[in-house]
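Undergrad: Structure for the following, please:
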Amino acid sequence: MNQEEKPATNPIWIRGLYMLLFILIHGIAKGVAIAVSVIQFILVVINKAANQPLCKFGQGLSTYLYDITQFLVFNTEHKPFPFDDWRNAPPREESPASDQDMEYQSGQ
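TA: Presented below is the predicted three-dimensional model:
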(Lines give C-alpha, C1' and ligand atoms only; values in the text may rest on other atoms or scores of the structure.)
Protein backbone atom coordinates (compact mmCIF):
# COMPACT_ATOMS: atom_id res chain seq x y z
CA MET A 1 0.00 0.00 0.00
CA ASN A 2 1.29 3.41 -0.94
CA GLN A 3 2.08 5.80 1.92
CA GLU A 4 -0.21 8.43 0.42
CA GLU A 5 -3.14 6.00 0.36
CA LYS A 6 -5.09 5.91 3.59
CA PRO A 7 -7.69 3.27 4.31
CA ALA A 8 -11.24 4.57 4.10
CA THR A 9 -12.91 5.11 7.46
CA ASN A 10 -15.77 2.69 7.96
CA PRO A 11 -18.95 4.74 8.54
CA ILE A 12 -20.25 2.20 11.08
CA TRP A 13 -17.41 3.17 13.45
CA ILE A 14 -18.24 6.85 13.03
CA ARG A 15 -21.88 6.04 13.81
CA GLY A 16 -20.67 4.13 16.85
CA LEU A 17 -18.93 7.25 18.15
CA TYR A 18 -22.12 9.25 17.64
CA MET A 19 -24.00 6.52 19.50
CA LEU A 20 -21.62 6.80 22.48
CA LEU A 21 -22.14 10.56 22.52
CA PHE A 22 -25.93 10.18 22.42
CA ILE A 23 -25.91 7.52 25.15
CA LEU A 24 -24.20 10.07 27.40
CA ILE A 25 -26.61 12.84 26.38
CA HIS A 26 -29.59 10.49 26.87
CA GLY A 27 -28.55 9.82 30.47
CA ILE A 28 -28.25 13.52 31.23
CA ALA A 29 -31.55 14.35 29.52
CA LYS A 30 -33.30 11.56 31.42
CA GLY A 31 -32.08 13.08 34.70
CA VAL A 32 -33.40 16.48 33.63
CA ALA A 33 -36.77 14.90 32.72
CA ILE A 34 -37.00 13.38 36.20
CA ALA A 35 -36.20 16.75 37.77
CA VAL A 36 -38.84 18.47 35.59
CA SER A 37 -41.45 15.90 36.62
CA VAL A 38 -40.70 16.37 40.33
CA ILE A 39 -40.80 20.17 40.01
CA GLN A 40 -44.04 19.97 38.01
CA PHE A 41 -45.59 17.73 40.69
CA ILE A 42 -44.65 20.21 43.43
CA LEU A 43 -46.07 23.11 41.41
CA VAL A 44 -49.34 21.25 40.82
CA VAL A 45 -49.64 20.51 44.55
CA ILE A 46 -49.05 24.18 45.41
CA ASN A 47 -50.90 25.93 42.56
CA LYS A 48 -53.48 23.25 41.67
CA ALA A 49 -52.47 23.66 38.00
CA ALA A 50 -49.58 22.59 35.79
CA ASN A 51 -46.98 25.16 34.77
CA GLN A 52 -47.48 25.58 31.00
CA PRO A 53 -43.90 26.63 30.08
CA LEU A 54 -42.65 23.60 32.01
CA CYS A 55 -45.17 21.40 30.15
CA LYS A 56 -43.84 22.70 26.81
CA PHE A 57 -40.25 22.10 27.91
CA GLY A 58 -41.21 18.60 29.08
CA GLN A 59 -42.78 17.87 25.69
CA GLY A 60 -39.64 19.01 23.90
CA LEU A 61 -37.45 16.97 26.24
CA SER A 62 -39.50 13.80 25.83
CA THR A 63 -39.46 14.25 22.03
CA TYR A 64 -35.68 14.66 22.24
CA LEU A 65 -35.34 11.46 24.25
CA TYR A 66 -37.52 9.71 21.64
CA ASP A 67 -35.33 11.03 18.80
CA ILE A 68 -32.16 9.84 20.54
CA THR A 69 -33.65 6.40 21.16
CA GLN A 70 -34.72 6.09 17.51
CA PHE A 71 -31.14 6.86 16.45
CA LEU A 72 -29.62 4.45 18.99
CA VAL A 73 -31.79 1.49 17.94
CA PHE A 74 -31.08 2.07 14.22
CA ASN A 75 -34.63 3.15 13.33
CA THR A 76 -33.27 6.33 11.77
CA GLU A 77 -30.01 7.83 10.60
CA HIS A 78 -31.21 11.30 11.63
CA LYS A 79 -28.99 12.74 14.37
CA PRO A 80 -30.99 14.83 16.86
CA PHE A 81 -29.99 18.10 18.57
CA PRO A 82 -27.22 19.48 18.57
CA PHE A 83 -26.86 18.25 14.97
CA ASP A 84 -30.40 19.37 14.10
CA ASP A 85 -33.00 21.80 15.47
CA TRP A 86 -34.68 21.25 18.84
CA ARG A 87 -38.26 20.04 18.32
CA ASN A 88 -41.08 20.87 20.75
CA ALA A 89 -43.82 19.00 18.88
CA PRO A 90 -44.66 15.38 19.63
CA PRO A 91 -42.75 12.91 17.46
CA ARG A 92 -44.27 12.23 14.07
CA GLU A 93 -44.74 8.74 12.71
CA GLU A 94 -41.69 7.75 10.67
CA SER A 95 -41.00 4.60 8.76
CA PRO A 96 -37.95 2.67 9.97
CA ALA A 97 -34.73 3.13 8.03
CA SER A 98 -34.23 0.55 5.32
CA ASP A 99 -30.97 -1.23 4.67
CA GLN A 100 -30.53 0.88 1.55
CA ASP A 101 -30.66 4.09 3.62
CA MET A 102 -27.68 3.06 5.75
CA GLU A 103 -24.37 4.03 4.16
CA TYR A 104 -22.26 1.52 6.03
CA GLN A 105 -24.32 -1.41 4.70
CA SER A 106 -24.12 -0.32 1.09
CA GLY A 107 -20.33 -0.62 1.15
CA GLN A 108 -19.68 3.02 0.30
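
Undergrad: where's Arg87, which helix or strand?
TA: Here Arg87, judged by DSSP states H and E, is contained in no helix and no strand.

Undergrad: Which pLDDT value goes with it?
TA: Per-residue pLDDT puts Arg87 at 76.

Undergrad: excluding its backbone neighbours, what's nearest it?
TA: Thr63 (5.2 Å; C-beta to C-beta, 6 or more residues apart in numbering). In short, each C-beta sits where N, CA and C put it, glycine included.

Undergrad: Check the gap between that neighbour and Ile46 for me.
TA: Applying C-beta to C-beta, to the nearest Å, the value for Thr63 to Ile46 is 27 Å.

Undergrad: Between these two, tell me which one has more neighbours.
TA: Thr63 (19 against 8; other C-beta atoms under 10 Å).

Undergrad: Quick check: phi and psi at the more buried one.
TA: Backbone geometry at Thr63, expressed as degrees, to the nearest 10, gives phi -60, psi -40.

Undergrad: got the contact list for the residue most central in space within the chain?
TA: With distances taken as C-alpha atoms, centre = their mean, the chain has Ile68 as the residue nearest its mean C-alpha position (1.9 Å). Ile68 is in contact with 22, 25-26, 29, 80, counting by C-beta atoms under 8 Å, 6 or more residues apart in numbering.
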